[in-house]
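K.L.:
pasting a predicted model and its sequence here:
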Amino acid sequence: MIARGVLLLALVAPATAFMAPASRARRAATPLRMAISDEGPYVGPATKPLLDSVKSPTDMKSMTTKELKQLAHELRWEVLESVSKTGGHLGSALGVVELTVALHAVFNAPEDKICWDVSHQVYPHKILTGRRERMDTLRQYGGISGFAKMKESEYDAFGAGHSSTSISAALGMSEGKRQMRKKQNQCIAVIGDGAITGGMAYEAMNSAGYLNSRMLVILNDNAQVSLPTGTPSVGGTVPSGALSAATSRMLASKPFQDVRDVAKTLNRLMPDRVQEINKKIDEYARGIVSGGTLFEELGFYYIGPVDGHDMDNLVPILQDIRDNDMQKPILLHLKTEKGFGYPPAERASDKYHGVPKFDVPTGKQFKSKSRTPSYTSVFANALIEEAADDRTVMGITAAMPGGTGMDIFGRRFPQRTYDVGIAEQHAVTFAAGMAVEGLKPFCCIYSTFLQRGYDQVMHDCVLQHLPVRLVLDRAGLVGNDGPTHHGSFDLAYLGALPEIVIMAPSDEVELMNMVATQVKIDDKTSAMRYPRGTGYGLETLNSLFGYGLEEMPKRGEVLPIGKGRIVKQGSKQGREKVALLTLGTRLSSALIAAKELEEEGMSVTVADARFMKPLDIDLVRKLASENDVLVTVEEGSIGGFGDHVLHFLSLEGALDDGKLKMRPMVLPDRYIEAGTQQEQYDEAGLNSQHIAGTVRKLLKKSNVPVL
């Protein structure tokens with residue numbers, strides 16, 4: 001009775017009774033911690049004999065736990081050294097080194113399916129699965145992807161880049177194996193505490209519990225829900241969402257897990273009736289102490305929390321799960337540290353989530369210094385100016401405060417800043433609800449991620465004429481993140497919606513103007529898109545765009561809705577008359593092309609449409625009637641701005657007599673892989689030389705290859 005009494009007390013005691021300095025214990029046990037101090041310099045092993053022996057995960061199967069620990073040490077340094085030369089997603093990769101080693105040591109990929117959610121953490125996985133020699137091409141033009149990619153390796157079970165997809169994919173694979181009557185069915189989803197805030201993850205867990213499918217979900221909990229976590233907002237500076245708070249309460253430390261293991265061992269020695277009673281006690285205790293019932297109510301068997309950097313514990317747990325015949329989904333809750341094992345990353349507010357090239361011994365990042373501000377910061381500061389005079393202006397982001405400028409806005413107006421987690425659908429409809437109450441919500445989401453909230457844009461915002469202000473960062477081609485992150489399709493998918501305002505600034509002054517314009521649009525939904533990158537600066541704005549500014553404006557001016565502008569009027573002496581009509585930041589390329597063409601004797605007018613919807617039909621009519629050639633240029637896919645212009649001209653009959661030669665220049669109808677933005681726009685054929693070449697081809701002055 002004494003033993004049972006002690007056991008019961010252990011099971012129902014508060015979590016704090018078992019809290020231990022887990023991070024301190026991990027530091028003491030990690031080889032990297034033995035090799036370097038927190039102050040640096042940070043120097044890795046001179047050789048990596050175990051890693052050198054791994055050509056595929058098969059080579060890891062016979063390694064002891066001690067050897068796996070050493071392999072993880074060598075692998076962590078390989079990741080550090082590789083990313084220091086290319087840049088990339090570092091913090092998330094460092095945080096899963098031990099997990100990656102353990103997974104490939106225990107399971108039999110590629111037959112066993114490992115699905116990495118978002119998959120920016122897959123660098124260790126790539127190194128262990130035959131791509132070590134190509135890591136110097138990571139995220140480079142013609143190189144390997146920074147994400148999991150099925151066509152790149154059979155070990156990449158499912159491609160990713162967007163979040164919250166892994167559980168659905170692994171569940172589908174598990175059911176596929178069952179339907180195909182495959183004997184071996186090990187399907188694993190690795191998902192972070194950020195990605196699990198996405199509703200799709202819960203839809204999948206709900207389905208998995210209902211189907212009683214055999215699968216393993218590994219929750220990689222590192223308390224880094226947003227990028228960066230800690231942005232001042234209405235919810236404070238803690239990780240976004242009640243779910244994060246719930247999983248934090250679950251982290252009852254490793255000693256509690258040991259107590260529960262002892263309880264199970266004792267349980268098997270007791271009579272059946274006592275076992276059943278203790279089983280109920282155990283379930284109750286896990287609900288109180290660790291919060292496991294959050295997932296158990298969805299039909300999962302919950303294990304955890306477990307130290308995700310403790311190989312001695314992690315490997316046997318994964319082995320037990322692998323060898324268990326339970327036909328039920330299992331959730332293994334790991335506590336990890338983003339950036340683990342590299343002090344500069346551990347200390348950084350963003351945990352070195354995404355880094356440029358850097359110096360490993362010091363952690364110093366080689367950031368190129370721009371003389372002009374980024375479009376993101378221009379937007380954020382313009383919104384601050386508007387919000388200072390209008391307290392109804394609100395900022396909303398879906399776990400991307402740093403990428404959308406909401407971190408800047410949040411520091412100035414924390415009580416008007418909302419980070420809703422990785423939940424784009426919710427963000428859009430949340431903004432719609434705010435608009436109902438008379439607020440002016442700016443819903444700031446990457447163009448590629450707004451694809452996930454498209455129905456909410458149509459059904460909850462546009463259809464109801466609610467003045468939600470959509471702000472799409474990273475429009476167009478984005479560079480090294482590649483096709484999963486390109487903002488290629490928003491003009492096409494938003495342009496299909498009636499009665500929405502769509503605009504795109506050509507430069508930072510126009511961006512400020514469009515922020516001011518959106519504030520005043522109170523009767524319908526509006527969308528503004530702008531690219532990744534920096535503005536032009538005062539000198540270029542004057543010399544190329546002809547602004548005539550003495551200094552940068554502090555605040556934008558409200559633009560007339562649906563009205564473009566002529567930036568450069570063609571000369572009267574030119575033999576052939578050409579009009580270049582752009583939407584967005586291809587205006588600079590058009591102006592450079594115009595100068596080149598005028599040197600060849602042409603008269604070239606350059607216009608900035610500003611708006612795709614409503615289209616400035618008076619401007620389009622004028623350009624069509626006064627020129628021999630009309631070329632539209634945009635940073636978007638087929639079905640966007642150029643197609644709207646072409647559709648209008650066709651209905652007007654402006655093309656019927658064959659006098660006007662018209663061509664839309666858009667992104668090619670294929671995915672463009674990672675590279676610099678310049679390389680990508682060269683491949684897309686949207687830089688100044690391509691614009692000039694298109695005009696020459698129309699006038700039969702040269703041959704331009706079809707892209």
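P.N.:
Looks like it arrived, so ask away. Just so it is clear, the model here is predicted, and its values are computed rather than measured.
K.L.:
what segments of the stretch 401-550 of the chain are strands?
P.N.:
417-419, 440-446, 469-473, 501-503, 526-529 (DSSP state E, counting those that start in this stretch).
K.L.:
roughly how far out does the first one sit from the chain middle?
P.N.:
In this case it means strand 417-419. Remark: strand 417-419 is offset 17 Å from the chain centroid, using Cα atoms, centre = their mean, to the nearest Å.
K.L.:
just checking: what are the partner strands of it?
P.N.:
Its sheet considered, strand 417-419 pairs with strand 393-397 (parallel) by DSSP bridges.
K.L.:
contacts for the partner strand?
P.N.:
226, 383, 386-387, 404, 406, 409-410, 413, 416-420, 427, 430-431, 434, 439-445, 519 (Cβ atoms under 8 Å, 6 or more residues apart in numbering). Glycine gets a C-beta too; all of them are placed from N, C-alpha and C.
K.L.:
run the last query once more with 7 Å
P.N.:
383, 386-387, 404, 406, 409, 416-420, 427, 430-431, 434, 439-444, 519 (Cβ atoms under 7 Å, 6 or more residues apart in numbering).
K.L.:
just the helices in the stretch 551-700 of the chain please.
P.N.:
Under the criterion DSSP state H, counting those that start in this stretch, the stretch 551-700 of the chain contains helices at 587-598, 617-626, 641-652, 677-684, 688-698.
K.L.:
how close does the residue nearest to residue 232 when sequence neighbours are not counted sit to residue 401?
P.N.:
Spatially, and ignoring its direct neighbours in sequence, residue 232 is nearest to residue 414 (3.6 Å; Cβ to Cβ, 6 or more residues apart in numbering). Here residue 414 is placed at a distance of 11 Å from residue 401 (Cβ to Cβ, to the nearest Å).
K.L.:
who's more crowded, these two?
P.N.:
Shown here are residue 414 and residue 401; by other Cβ atoms under 10 Å, residue 401 has more neighbours (29 against 15).
K.L.:
and the pLDDT for that one?
P.N.:
On pLDDT, residue 401 comes in at 93.
K.L.:
surely it meets residue 407?
P.N.:
Yes: using Cβ atoms under 7 Å as the test, residue 401 is close enough to residue 407 to be in contact (4.1 Å).
K.L.:
how many neighbouring residues does residue 533 have?
P.N.:
Residues near residue 533, counting by other Cβ under 10 Å: 16.
K.L.:
list phi and psi for it.
P.N.:
Phi and psi for residue 533, reported as degrees, to the nearest 10, are phi 130, psi -170.
K.L.:
can I assume it is in contact with residue 377?
P.N.:
No: the criterion here is Cβ under 7 Å, and residue 533 misses it with residue 377 at 11.4 Å.
K.L.:
which strand residues bridge the residue lying closest to residue 527 once chain neighbours are set aside?
P.N.:
Nearest residue to residue 527, sequence neighbours excluded (Cβ to Cβ, 6+ apart): residue 470, at 4.1 Å. Beta-bridge partners of residue 470, counted by DSSP bridges, are residue 443, residue 527.
K.L.:
and the closest residue to residue 124 other than its chain neighbours, what does it touch?
P.N.:
Spatially, and ignoring its direct neighbours in sequence, residue 124 is nearest to residue 100 (4.1 Å; Cβ to Cβ, 6+ apart). With contact taken as Cβ under 7 Å, 6+ apart, residue 100 is in contact with 124, 125, 128.
K.L.:
low-confidence ranges in the stretch 601-707 of the chain?
P.N.:
Within the stretch 601-707 of the chain, the segments meeting pLDDT under 70 span 703-707.
K.L.:
contact partners for the residue lying closest to residue 544 once chain neighbours are set aside?
P.N.:
Nearest residue to residue 544 in three dimensions, chain neighbours excluded: residue 591, at 5.6 Å (Cβ to Cβ, 6+ apart). Shown in contact with residue 591 (Cβ under 7 Å, 6+ apart): 544, 567, 568, 606.
K.L.:
swap in residue 639?
P.N.:
Contacts of residue 639 by Cβ under 7 Å, 6+ apart are residue 492.
K.L.:
show me the helices in the stretch 101-250 of the chain, by range?
P.N.:
Counting by DSSP H, counting those that start in this stretch, the stretch 101-250 of the chain has helices at residues 123-126, 166-179, 199-211, 242-250.
K.L.:
same deal with the stretch 251-400 of the chain?
P.N.:
With DSSP H, counting those that start in this stretch, the ranges of helices along the stretch 251-400 of the chain come out as 254-267, 272-285, 293-296, 311-323, 343-347, 375-389.
K.L.:
then the stretch 401-550 of the chain?
P.N.:
401-404, 406-412, 424-436, 447-450, 454-456, 490-495, 508-520, 538-543.
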